[in-house]
Every structure is written in structure tokens, then in C-alpha cells.
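K.L.:
Please find the sequence and the predicted model below.
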Amino acid sequence: MKSISKLISNLITIAYGVICMPLLILMAIIFPIMVTSDAFKIISSGYTVTGDYISLLIGMTMIMYFSLRFRALRRIYMIFPSLFETIKYLLIASIFIGIGTEILNWSYIA
């Protein structure tokens, strides 16, 4: 029974590592570039832009939370030790840049 649960947890870890982690890394790299270009559009035109910054940040944070919450998924960070630090710093930078752009977006509404 223990070997079956280990097999299932290994399959879940592999599936999560193949599907969700590359998506998280891609979003964490592209998000600051996308948000910075939108911030320059807001400043240059004086009009607000539509962006789903907060929902994208929530999605990225949830993927990171699930990978840290469950012990079987935490093994991804044992296999790739620098992955945790990279995602952590990219996520923190994305949060600050996203919130800054949202504040900038709201300041041009009036």
C-alpha cells in the first residue's frame, strides 16, 4: 500500500513539474515585462489600460503555494535547488511591479 501511494505521489509530482512549473516560470519572467510596457503606455498616453494584473498574480501565487504546501510537490525544489529562489524573487518583483502599475492605472482614472 505504501508503494502505491509513493507511486501516485511521484506521478503527481512529475505531472505538476511538467505542466505547472514551466507555466509559472514563464509567467514570472514575462509578467514584469508586460506590466512595465503597460506602465509606459499609461504614462505616455495619460489613459488607463486594461490588465488582469491582480488575477495573474493570484494565479502565480496559488501555483507557488501548492508546490510548497504538499510534501510530494516540494521534492521539485530538491531536484532543482535554485528553482525556489528564482521563482521567489521573480514573484516578489512581479507583485511590486503589478501593484505599482495598478496604482498608476487608478491615478489616471480621474
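P.N.:
The structure has been received and is ready for your questions. Just so you know, these numbers come straight off a predicted model, no measurement behind them.

K.L.:
where does the strand or helix carrying V18 sit relative to the chain's centre, distance-wise?
P.N.:
Taking DSSP states H and E as the definition, one finds V18 inside helix 2-45. Centroid displacement of helix 2-45 relative to its chain, using C-alpha atoms, centre = their mean, to the nearest Å, is 5 Å.

K.L.:
Please enumerate residues in contact with the following helix or strand past it?
P.N.:
Downstream of helix 2-45, the next assigned helix or strand under DSSP H and E is helix 53-69. The contact list for helix 53-69 (C-beta atoms under 8 Å, 6 or more residues apart in numbering) reads 16, 20-21, 23-24, 27-28, 31, 35, 73-74, 76-77, 87-88, 91, 94-95, 98-99, 101-102. Quick note: C-beta positions are derived from backbone N, CA and C, even for glycine.

K.L.:
Give me the buried stretch members for the following helix or strand past helix 53-69, please.
P.N.:
Downstream of helix 53-69, the first helix or strand assigned by DSSP H and E is helix 71-79. Residues of helix 71-79 classed as buried by neighbour count (16 or more other C-beta atoms under 10 Å): 72-73, 75-77.

K.L.:
the inter-axis angle of helix 71-79 versus helix 53-69?
P.N.:
Using axes from the mean of the first three to the mean of the last three C-alpha atoms, to 10 degrees, the direction of helix 71-79 lies 90 degrees away from that of helix 53-69.

K.L.:
and the helix holding V18, what does it pack onto?
P.N.:
Contact partners of helix 2-45 among helices and strands, from 3 or more C-beta pairs under 8 Å, 6 or more residues apart in numbering; DSSP states H and E: helix 53-69, helix 71-79, helix 81-107.

K.L.:
need the ones you listed in TSV with distance to N10 and mean pLDDT, can you?
P.N.:
Rendered in TSV, the data for the helices and strands packed on helix 2-45 read as follows (distance: least, C-beta to C-beta, whole Å; pLDDT from 0 to 100):
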stretch	distance to N10	mean pLDDT
helix 53-69	15	91
helix 71-79	7	89
helix 81-107	18	90
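
K.L.:
Select, out of those helices, the one closest to Y47.
P.N.:
helix 81-107 (9.7 Å; C-beta to C-beta).
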